[in-house]
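Visitor: I would like to see how this sequence folds:
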Amino acid sequence: MEWKPEEEGLRQILTLLKESQSPDTATQRAVQQKLEELNKYPDFNNYLIYVLTKLVTEEEPTRSLSGLILKNNVKSHYNNFLPEVAEFIKRECLSAVGDPSPLIRATVGIIITTIASKGEITSWPELLPLLCQMLDSQDYNVCEGAFGALQKICEDTAELLDSDALNRPLNVMIPKFLQFFRHSAPKIRCHAIACVNYFIMSRTQALMLHIDAFIENLFYLASDEDPDVRKNVCHALVLLLEVRLDRLIPHLPNIIEYMLLRTQDPEEGVALEACEFWLSFAEQNVCREVLGPRLPALLPVLVKGMRYSEMDVILLRGDRDDDADEQEPDRDADIRPRFHKPRSHTIKHNVGGGDSNMSSGGDSDDEDDGTDNDSSLSDWNLRKCSAAALDMLANVFGADLLPVLFPILKETLFHDDWVIKESGILALGAVAEGCMVGMVPHLPDLVPYLVCCLGERKALVRAITCWTLSRYSHWIVAQSHDLYLRPVMTELLKRVLDNNKRVQEAACSAFATLEEEACTELVPYLGHILQTLVYAFSRYQHKNLLILYDAIGTLADSVGHHLNKPEYINLLMPPLITKWNVLKDEDKDLFPLLECLSSVATALQSGFLPYCEPVFRRCVSLIEQTLNQNIANTQSPEQFDAPDKDFMIVALDLLSGLAEGLDGHINHLVLNSNLMQLLYQCMQDPMPEVYPVRQSSFALLGDLTKACFQHVHPYIPEFLPILGMNLNPEIISVCNNATWAIGEISIKLGSETSKYIPLVLNHLVEIINRPNTPKTLLENTAITIGRLGYVCPHDVAPVLHQFVRQWCTSLRNIRDNEEKDSAFRGICQMIQVNPGGVVPDFMFFCDAVASWSHPKEDLKEMFTKILHGFKNQVGEENWRRFTDQFPVQLSARLTAMCGI
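Guide: Okay, here's the model as predicted:
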């Protein structure tokens, strides 16, 4: 018997739906509670679908709201629905696909998709055939409603649709969709392209069979009058560029002309989608050859796309000359979530050991793109995409881009309209990385020009100039301080104290980049820098304070122990400790402050002693609270929320900073705490892929081993097996820090390490021989193998032949330091125990020895003894033949070092 609603029940639900649209929060809370109670009634969901599909006398927003509540119920409780309720909802949805109201059709489509994504698509066999059949309806509403539902299904369950589980419905659906590319209604054409686009990246077989028809249809729609159709055509071509370039190559000249046109489309959504094409094209091998001749047409379009639109200027209040806003409190929405970067043990390299190209400084992956000053705008827009495309093309074409770009820069940089001038400064920053070599001759004129622009009236010009200058900081730092570094630094520090918050943010970030490049070059100016940054504490609102912490932390990392002077400490520490005392344990602003203090503690060393005890105790307390909350949540998830493990991670990292900076002074703090027991729990965090708790734990373990091994020693039998189990290169950062910690422990443990070598050696040998292992992990693995060989040569030497070549190539580019010293002593001892193990790879050993600049005398003697021993063993003639293969520089280094 067909289900029918009761009048009273219907009235109650309609009242609730109307009340839920009230702006009053108390009313909304009461409605929410009532809805949860109603969910206990099995047919409550019948009422919801009934209101959506049948109560045509009600207002559309009320009906749609009823459907959205049902959608949430399907999402949360569908598996608990009675079979007859589920069937009723499915039937009603299919009957209402063609509702005259677009809002109701869209809501019905969302419910259908939600049911389908609950795995129900397999047990609802009639759904896809029926929707496909409805596409042929003469009733536009039915056709559009069915297409809307199909588009959502394609988006949510693309993988399932292309599987045997459903008998491969795409073999029917894709040809069907292609038929509608030329439909008279733009909305239908739009749906049809969107549906097919979901299957491009996965190279779905059903689409690949019809790829030529698909491309032909796209070209047919290229100049469609509907912006959404044009946008979907552009999106399809961008995706095809990545997966079926072979099919596009014959058409590329036409596609390039088309995309040039569309990148200037009056509809920004279309222009943005077209602009993505240049980003994608820059990654293709044919880019240089095919796009080179069209750069004179493309670059003006991209630079024009970098301009702020009129609406942007209004939203950013960019047209006001009085742009002081530092007194206005930040809204919570302005403050983006920050992500803590956990500690990872890395090794410093010889200058010239890596890429010899002049870089723009910083890691391009992590760098801000200079367009983030418009954070009140949408996350990704035409300005950002244009700048990113120019950046990518600069990396492809290098200096060859500049003859085309310079006339455009000349026109924009000196333009009277500040919006155009600003876009020129952004373009200048965008090409810094890719065109650095070609830009160098022009920088003596451009850098002073940019320094002048820091004093411009418009805040948005001042802000972008900060970023562009930071992109050239590598060059600035390498020149005369009086000509470049000092004026750039002086003006940037003035902007750090700008009265506009957007400029403060840009200047602070730019100054942090300059700090990373300049390092100890900044030491003569430390007083002025610190006075400025500390004064900013009293000026900055919430959001920029978080960036200021980063600038102070980076300064500490850059100048290191030079910060350890009473006058600097007295300037810097009071405001930091004041903030530290004000923030509660559950306040996420602790993250950047703890990161900053970690760098400061490491730099100040003994200068941090007066502050270390309360900081240490609070960190231990944060770790303990997080662990306890985690246990409570595991045992009673409905009663206790899961903790935010970032509190624990940042606390572990600050303790590492304390251990590294204070060295033995941390001894009494560790002794009077339960840190080692907490560390044992952290090292076994169950989710290493999600939270870097283990990574930070192993970093702390290594630092504590160096600072106060007497407290680590009793736990070695528990710790070392855990470290051995974490030598899994699939989780690189965890593996890296575990490897480093093992090396540090072995140096302290000495010959006692012998019993633990079977737990770790095979894993380490496997990692060092693994293809595509990241450089940092290779270096740490080589150091640790060397250190194990140093303390237990007889345990490691038998497998010398399995790793010696890779070991030598991994360590040839790292700087002379204590870690390298102990590792090379280890390799020498292993060679003495098992000389045969190195014979096939002896040239690699010679090369690694030559990488030393100033080895200690006794280490130099070890090298000399091994080299002369081999020379005597093989005889003068064979030795000469062997050394004739050496590059000239290698022979010269070995002769100078070992007299060989």
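Visitor: Could you use CA atoms for every contact and neighbour count after this?
Guide: Will do.
Visitor: Tell me which residues are up against stretch 255-266.
Guide: For stretch 255-266, contacts defined as CA atoms under 8 Å, 6 or more residues apart in numbering pick out 222, 234, 270-275, 277, 297-298, 301, 305.
Visitor: can you list those residues in a markdown table and add neighbour count and distance to Ala86?
Guide: Formatted as a markdown table, these follow (neighbours: other CA atoms under 10 Å; distance: CA to CA, whole Å):
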| residue | neighbour count | distance to Ala86 |
| --- | --- | --- |
| Ala222 | 19 | 43 |
| Cys234 | 27 | 40 |
| Val270 | 23 | 40 |
| Ala271 | 26 | 44 |
| Leu272 | 25 | 42 |
| Glu273 | 25 | 40 |
| Ala274 | 29 | 43 |
| Cys275 | 31 | 45 |
| Phe277 | 25 | 44 |
| Ala297 | 13 | 58 |
| Leu298 | 21 | 55 |
| Val301 | 17 | 54 |
| Gly305 | 24 | 51 |
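Visitor: where's the dip in pLDDT among those?
Guide: On pLDDT alone, Ala222 ranks lowest of the contacts of stretch 255-266, at 84.
Visitor: Is it in a helix, a strand, or coil?
Guide: coil (DSSP: H, G, I helix; E, B strand; the rest coil).
Visitor: Report the contact partners of it.
Guide: Contacts of Ala222 (CA under 8 Å, 6+ apart): 230, 233, 258.
Visitor: Arrange those in JSON lines, one row each, with neighbour count, secondary structure and pLDDT as further columns.
Guide: Converted to JSON lines, these look like this (neighbours: other CA atoms under 10 Å; DSSP: H, G, I helix; E, B strand; the rest coil; pLDDT from 0 to 100):
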{"residue": "Arg230", "neighbour count": "26", "secondary structure": "helix", "pLDDT": "93"}
{"residue": "Val233", "neighbour count": "27", "secondary structure": "helix", "pLDDT": "92"}
{"residue": "Tyr258", "neighbour count": "16", "secondary structure": "helix", "pLDDT": "91"}
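Visitor: and which of those is nearest to Glu505?
Guide: Nearest to Glu505 among the contacts of Ala222: Arg230, at 37.5 Å, using CA to CA.
Visitor: Return the residues in contact with the closest one.
Guide: Per CA under 8 Å, 6+ apart, neighbours of Arg230: 221-224, 270.
Visitor: Longest helix in the chain, please.
Guide: Assignment by DSSP state H gives helix 609-635 as the longest helix of the chain.
Visitor: Which strands and helices lie in contact with whichever helix or strand comes after that helix?
Guide: Where DSSP states H and E defines the elements, the next helix or strand beyond helix 609-635 is helix 646-662. Counting by 3 or more CA pairs under 8 Å, 6 or more residues apart in numbering; DSSP states H and E, the packing neighbours recorded for helix 646-662 are helix 590-604, helix 609-635, helix 693-712.
Visitor: Could you pull up the mean pLDDT of the very next helix or strand once past helix 646-662?
Guide: Where DSSP H and E defines the elements, the next helix or strand beyond helix 646-662 is helix 667-671. Helix 667-671 carries an average pLDDT of 93.
Visitor: how far off helix 646-662 does the longest helix of the chain point, in degrees?
Guide: 150 degrees (axes from the mean of the first three to the mean of the last three CA atoms, to 10 degrees).
Visitor: Could you list the buried residues of helix 609-635?
Guide: Judged by neighbour count (16 or more other CA atoms under 10 Å), helix 609-635 contains these buried residues: 612, 615-617, 619-627, 629-630, 632-633.
Visitor: coming back round to it: would JSON lines of the contacts of stretch 255-266 with distance to Gln639 and secondary structure be doable?
Guide: Below are these laid out as JSON lines (distance: CA to CA, whole Å; DSSP: H, G, I helix; E, B strand; the rest coil):
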{"residue": "Ala222", "distance to Gln639": "57", "secondary structure": "coil"}
{"residue": "Cys234", "distance to Gln639": "50", "secondary structure": "helix"}
{"residue": "Val270", "distance to Gln639": "49", "secondary structure": "helix"}
{"residue": "Ala271", "distance to Gln639": "50", "secondary structure": "helix"}
{"residue": "Leu272", "distance to Gln639": "47", "secondary structure": "helix"}
{"residue": "Glu273", "distance to Gln639": "46", "secondary structure": "helix"}
{"residue": "Ala274", "distance to Gln639": "50", "secondary structure": "helix"}
{"residue": "Cys275", "distance to Gln639": "49", "secondary structure": "helix"}
{"residue": "Phe277", "distance to Gln639": "50", "secondary structure": "helix"}
{"residue": "Ala297", "distance to Gln639": "63", "secondary structure": "helix"}
{"residue": "Leu298", "distance to Gln639": "59", "secondary structure": "helix"}
{"residue": "Val301", "distance to Gln639": "57", "secondary structure": "helix"}
{"residue": "Gly305", "distance to Gln639": "52", "secondary structure": "helix"}
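Visitor: ok, the closest residue in space to Leu700 that isn't next to it in sequence - how many residues close by?
Guide: The shortest distance from Leu700 to any non-neighbouring residue, by CA to CA, 6 or more residues apart in numbering, is to Ser656 (4.7 Å). If you count neighbours by other CA atoms under 10 Å, Ser656 ends up with 27.
Visitor: Could you measure from Tyr41 over to Leu55?
Guide: Tyr41 sits 21 Å away from Leu55, taking CA to CA, to the nearest Å as the criterion.
Visitor: ok, these two, which is more surrounded?
Guide: More crowded of Tyr41 and Leu55, by other CA under 10 Å: Leu55, with 13 against 9.
Visitor: Setting aside sequence neighbours, what's the nearest residue to that one?
Guide: Per CA to CA, 6+ apart, closest to Leu55 is Arg63, 7.5 Å.
Visitor: so the one you found touches Leu52, yeah?
Guide: Yes. Contact criterion CA atoms under 8 Å: Arg63 and Leu52 qualify, at 4.5 Å.
Visitor: Common neighbours of those two, please.
Guide: In contact with both Arg63 and Leu52: Ile104, using CA under 8 Å, 6+ apart.
Visitor: Give me the mean pLDDT for stretch 316-334.
Guide: For stretch 316-334, the per-residue pLDDT averages 67.
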